[in-house]
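> Need the 3D shape of this:
(2 chains)
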Amino acid sequence: MREQLLRLWERLSWTWAPRSEREAGEAIVQNLWLHWFPAKIARRSMSWNYSFYLGVASASLFLILTVTGFLLMLFYVPATGQAYGDMKDLQFAVSFGWWLRNQHRWAAHGMVLVVYLHMARVFFTGAYRGQRFLNWIIGVVLLLATLLLSFTGYLLPWDQLALWAVTVGTNIAREGPVVGETIRYLLLGGTEIGQNALLRFYVLHVFILPVAVWILFGYHMWRVRKDGGLAAIETLRLGRRAEPKPVPTTKSYSLFGLTRGATVQVLSSTDMEEQDQGFSSPELTRRIALVFLLVFNITLLLSLLSNAPLEEAANPALTPNPAKAPWYFLWLQELVASTTVSIGSYRISGGLIGGIVVPGILLGVLGVWPLFDRSPQSCEGVWFARERRWQNITFAAITVVIVLLIAVGLGVRGPYWRLYWPGQPWPQMPRGL
Amino acid sequence: MKGRESFESRDFPWLVILSVGFFALVALAFWREYHSEWAPLEKRFKQILEQHGQIEDSRRFSLGIRQIWNPELGVVDRCITCHLGYDWGSVLPANLKEPFTPHSPLPYLEKHPFARFGCTVCHGGQGWATEQTAAHSGGEHWDDPMISKELAASYGLSVGQMVQMRCNFCHRHDLSTPGMDEINLAKKLIKQKKCMICHTIEGKGGMVGPELTFHADKSPELFDFSHVSGDKTMFNWDYQHLMDPGKVSPGTTMPTFGFKPEEARALTLLLLSWKHLTFPPQYIPSPIEVAPLMVVHVPAEAPIIPGAEDGRKIFQTRGCNQCHTIGSGKLIGPDLIGVGGRHPVEWLRSWLADPAAMIRANPDLAKWPDLFGGIVMPNQNLAPAEISAVIAYLQKL
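Residues are numbered from 1 along each chain as shown, chains lettered A, B, ... in the order given. Coordinates of the predicted model:
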């Protein structure tokens, strides 16, 4: 009996802790969860300071969100009469309800941030060139999906914060030319935020968008391998592609995706010297575990320190003052507010310029930027390459502007959308009793 | 295998540190979950039961979150998780310290059993909460604060008086309800002072003042607080407005009724009880004596007299006819038939310009308002040309 259990444990665990190079290579083929990695990976690709493991961190956050989200679904009914009470139950009565909700909230904020940082990393290293262009576009779509996931989740608590943040968000969508009103109608299932909107946001949040993200994530990872791994190795490859090697007599699973051209010649990581490479299991898997633990610990720590906000029950008749969009859309709200022009009693809404045109152009340019990047190939996979200096400065500048606008919206905007500096008290707002 | 070893030696310590961190944080989360405010209180109450001879009940007493749940009223009151003595008045002494003090044996509890009505229906506060701050003050984000001694005292009321505002959420159609002295006084005043001459309440009444049917649901931000002293609360606004309408809303046509402070407080409680709430029919109290909606006497339109047409229009659009009849007798103010013969033009001009100032200036007129329920005619802020037009009209009556 003990013997059998030990053998079962051995069978389940050996791929995660191979004891020889042969086992390390075998592990990749034998384990479903490892087979998407190549057997060997360039050390440079695995280094901390090339990728900062931001993609792994995003995936870890999404895993945390999926697990806590499934558990939250057991306690939540997307009904306008019940949703808010379910939130209160999670906060006060459900065992570990606060943990689920807080970690879900913090992981959601974190994912928006980390996915953006991941994109910034790819941009600054010029890792979107050539074949990797398609994966860049998928990445941009994943960023959008992340924002939409966070935004749809914002409505679900059905409190004042939820109702009015989504009111601001969908009113901006209304400003879109021609189809704006239709998109808003489609999103809300009506003209007002009510039961239909809550149901639609719920279905989008717990099914349509997560499934889309998981599928796109799978494709994103698959493409990373098809594109020859991280762009970090391109400089190594440039230096060493002069002498193609003949195909090794024993084919390795990991080589299939790495061949290019008409002849079966290996021009990829196997050209590299032995000391440049490491085994995926356990060197990469260990680092992935490290990143997951780090992300989990940070989100749990934040959950212990700070509760997810929950305001008064949603009340369409009472607007909070100020009413703010979710933080990652606050820069858009700032743009909308500052491009709204009042001439006498006429008011030209900034919704079109600030809410549609500016972000639309930014997103469009972001998506097709690799086509316009004419820097030499030696910039590929290199942080802050000199030849890409102006591109990087522009990207950084736009990021800084967005961050500043968010900071203003978050920290300085007070009642009546006036500016109140930190430390300056807000005026007392009238209340009932 | 050299590189591999260096990877391992670099990463392994971090793996250990982060794993230790992971277990520490999870342990902390468990500590937080099981370190509740209420558990020690429940343990103490178990002992109290035993001390008072309730051995059997003490043995059966189990720890956990308790609640009164009544979905029909939307009641989820976890107050009793800590306020454990509420229903033990027959056994435990009334002077037991909070949170274990038994509820005082008030007469209306028979008709409002705890198990059906819970706590927050009367007391306000956040019934969902299982932490004191969140439950009592409601924290920052709860718009229905518990009516505490401090809150009531800040408005010069006792808890028993202030809670009547909440009684009237359901009892709004009683003319008078036993035990609701404040609200009963306010309802009497509403009738006495004929508020519905100018204000619409439940579809009946005048159009001069704002509608009051669901006054408590109006957003406080829509009110001008610049002339209100103290905290910016609707209670303060309503109270100060009732005491001196002209001070809180300069230029208002609402007269100063000269309410005593306790009358104004009672009226404020009544106004703040007028919320749009829905209850299942079995919870709507059968009125002890229905408050009759006042029949408003709207005088027939005055005859058109050429030459004074502008005056007539002003008379009607400013709502003068809400208080004055022409030939149909005294309403709030005097019947104006033949008023042109009773007073000279200059008298009328000065009166229309500022009734209160004229009373102050003429001692003869000091007793004048007493003839009309103590109400001084509000200043209508008419322009001199408008006054002339109105006088021209009045003289033809």
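
> Quick check: which element contains the residue nearest in space to the middle of chain A?
The centroid of chain A falls nearest to residue A:115 when counting by C-alpha atoms, centre = their mean (3.3 Å). Using DSSP states H and E, the secondary-structure element containing residue A:115 is helix A:97-124.

> Is that helix in proximity to chain B?
Yes. Interface with chain B: helix A:97-124 contributes A:98-99 (C-beta under 8 Å from any C-beta of the partner chain). Using the backbone N, CA and C atoms, a C-beta is placed for each residue, glycine as well.

> Over to stretch A:403-422?
No. If you take C-beta under 8 Å from any C-beta as the test, stretch A:403-422 misses chain B, and the best it gets is 8.9 Å.

> State the mean pLDDT of that stretch.
In this model, stretch A:403-422 has a mean pLDDT of 91.

> what do you get for stretch A:181-192?
Confidence over stretch A:181-192 (mean pLDDT, whole number) is 90.

> Name the residues of it that are buried.
Neighbour counts over stretch A:181-192 (16 or more other C-beta atoms under 10 Å in any protein chain shown) mark A:184, A:187-189 as buried.

> Now do the residue nearest to the centre of chain A, the pLDDT please.
In this model, residue A:115 carries a pLDDT of 97.

> Tell me if I'm right that it and residue A:58 touch.
Yes. The pair residue A:115 / residue A:58 is scored as a contact, 5.0 Å apart, by C-beta atoms under 8 Å.

> so what sits against both of the two?
Taking C-beta atoms under 8 Å, 6 or more residues apart in numbering or on different chains as the contact rule, residue A:115 and residue A:58 both touch residue A:146.

> Tell me how many other residues surround residue 68.
All of this is about chain A. By the criterion of other C-beta atoms under 10 Å in any protein chain shown, residue A:68 has 22 neighbours.

> looking at chain B here, not the other one
Neighbour count for residue B:68, taken as other C-beta under 10 Å: 22.

> Specify the beta-bridge partners of it.
Listed by DSSP bridges, the beta-bridge partners for residue B:68 are residue B:77.

> and it, how far is that from chain A?
Computed with C-beta to the nearest C-beta, to the nearest Å, the distance linking residue B:68 and chain A is 13 Å.

> Which stretches in the stretch 201-350 of chain A count as helices?
Applying DSSP state H, counting those that start in this stretch to the stretch 201-350 of chain A gives helices spanning A:209-226, A:234-240, A:285-305, A:330-338.

> Select, out of those, the one closest to chain B.
Nearest to chain B, of all the helices of the stretch 201-350 of chain A, is helix A:285-305, at 3.9 Å by C-beta to the nearest C-beta.

> how many degrees apart are that closest one and helix A:97-124 in direction?
Helix A:285-305 runs at 130 degrees relative to helix A:97-124, counting by axes from the mean of the first three to the mean of the last three C-alpha atoms, to 10 degrees.

> How are the strands of the stretch 151-300 of chain A distributed by residue range?
A:259-260, A:265-266, A:277-279 (DSSP state E, counting those that start in this stretch).

> Let me see the contact set for the residue in the stretch 301-433 of chain A that chain B sits nearest to.
Nearest to chain B in the stretch 301-433 of chain A, going by C-beta to the nearest C-beta, is residue A:430, at a distance of 3.5 Å. The contact partners of residue A:430, by C-beta under 8 Å, 6+ apart, come to B:220-221, B:223, B:225, B:232-234, B:237.

> Local confidence estimate at the most far-flung residue of chain A relative to its centre?
Distance from the centre of chain A peaks at residue A:1, with 46.5 Å (C-alpha atoms, centre = their mean). Note for residue A:1: predicted pLDDT of 87.

> Repeat that for residue B:223.
At residue B:223, pLDDT is 92.

> My guess is it contacts residue B:236. True?
No. Contact criterion C-beta under 8 Å: residue B:223 and residue B:236 do not qualify, at 10.2 Å.

> And these two? Which one has more around it.
For residue B:223 versus residue B:236, the count of surrounding residues by other C-beta under 10 Å is larger for residue B:236: 20 against 17.

> what about the lengthiest helix in chain B and chain A, any contact?
Longest helix of chain B, by residue count under DSSP state H: helix B:2-34. Yes. Contact of helix B:2-34 with chain A (C-beta under 8 Å from any C-beta) involves B:2-4, B:7-8, B:11-12, B:14-15, B:18-19, B:21-22, B:25-26, B:28-29, B:32-33.

> what sits against residue 26?
Because you didn't say which chain, this covers chain A. A:15, A:18.

> Hmm, no, I was thinking of chain B.
Applying C-beta under 8 Å, 6+ apart to residue B:26 gives the contacts residue A:300.

> one more time with 10 Å
Residue B:26 makes contact with A:99, A:296-297, A:300, according to C-beta atoms under 10 Å, 6 or more residues apart in numbering or on different chains.

> Kindly report the same for residue A:280.
Contacts for residue A:280 were tallied using C-beta under 10 Å, 6+ apart; they are A:18, A:24-25, A:27-28, A:34-41, A:46, A:254, A:288.

> run the last query once more with 8 Å
By C-beta under 8 Å, 6+ apart, residue A:280 lies in contact with A:24, A:27-28, A:34, A:37-41.

> now do residue B:43
Applying C-beta under 8 Å, 6+ apart to residue B:43 gives the contacts residue B:63.

> Help me confirm that it is found in a strand?
No. Using DSSP: H, G, I helix; E, B strand; the rest coil, the assignment for residue B:43 is helix, not a strand.

> Please report the distance of residue B:124 from chain A.
From residue B:124 across to chain A, the span is 8 Å (C-beta to the nearest C-beta).

> hang on, the earlier thing: quick one: which of the contacts of residue A:430 sit in helices?
Mapping the contacts of residue A:430 onto helices (DSSP H) picks out B:234, B:237.

> Chain A next: which of the contacts of residue A:430 are close?
By C-beta under 8 Å from any C-beta, the members of those lying near chain A are B:220-221, B:223, B:225, B:232-234, B:237.

> Low-confidence ranges, the stretch 101-250 of chain B, go.
Within the stretch 101-250 of chain B, the segments meeting pLDDT under 70 span B:138-139.

> Please enumerate the helices of it.
Secondary structure of the stretch 101-250 of chain B, counting by DSSP H, counting those that start in this stretch: helices at B:114-117, B:120-123, B:132-136, B:149-154, B:159-171, B:181-192, B:234-243, B:245-248.

> for chain B, what are the nearby residues on the stretch 151-300 of chain A?
A:159-160, A:275, A:277-279, A:282-283, A:286-287, A:289-290, A:293-294, A:296-297, A:300.

> Filter those down to the buried ones.
A:159-160, A:277-279, A:282-283, A:286-287, A:289-290, A:293-294, A:296-297, A:300.

> Can you tell me the closest non-neighbouring residue to the spatially most central residue of chain B?
The centroid of chain B falls nearest to residue B:272 when counting by C-alpha atoms, centre = their mean (1.7 Å). The shortest distance from residue B:272 to any non-neighbouring residue, by C-beta to C-beta, 6 or more residues apart in numbering or on different chains, is to residue B:216 (4.8 Å).

> contacting residues for residue 166?
Unless you meant another one, I'm taking chain A. Contacts of residue A:166 (C-beta under 8 Å, 6+ apart): A:151, A:154-155, A:193, A:197, A:201.

> try again with chain B
Contact analysis of residue B:166 by C-beta under 8 Å, 6+ apart lists B:121-124, B:147, B:273.

> Likewise for residue A:339?
Residue A:339 sits next to A:350, A:353-354 when contact means C-beta under 8 Å, 6+ apart.

> Need the worst-confidence member of those residues.
Of all the contacts of residue A:339, residue A:350 carries the smallest pLDDT score, 74.

> Can you report how many residues neighbour that one?
22.

> Thank you, goodbye.
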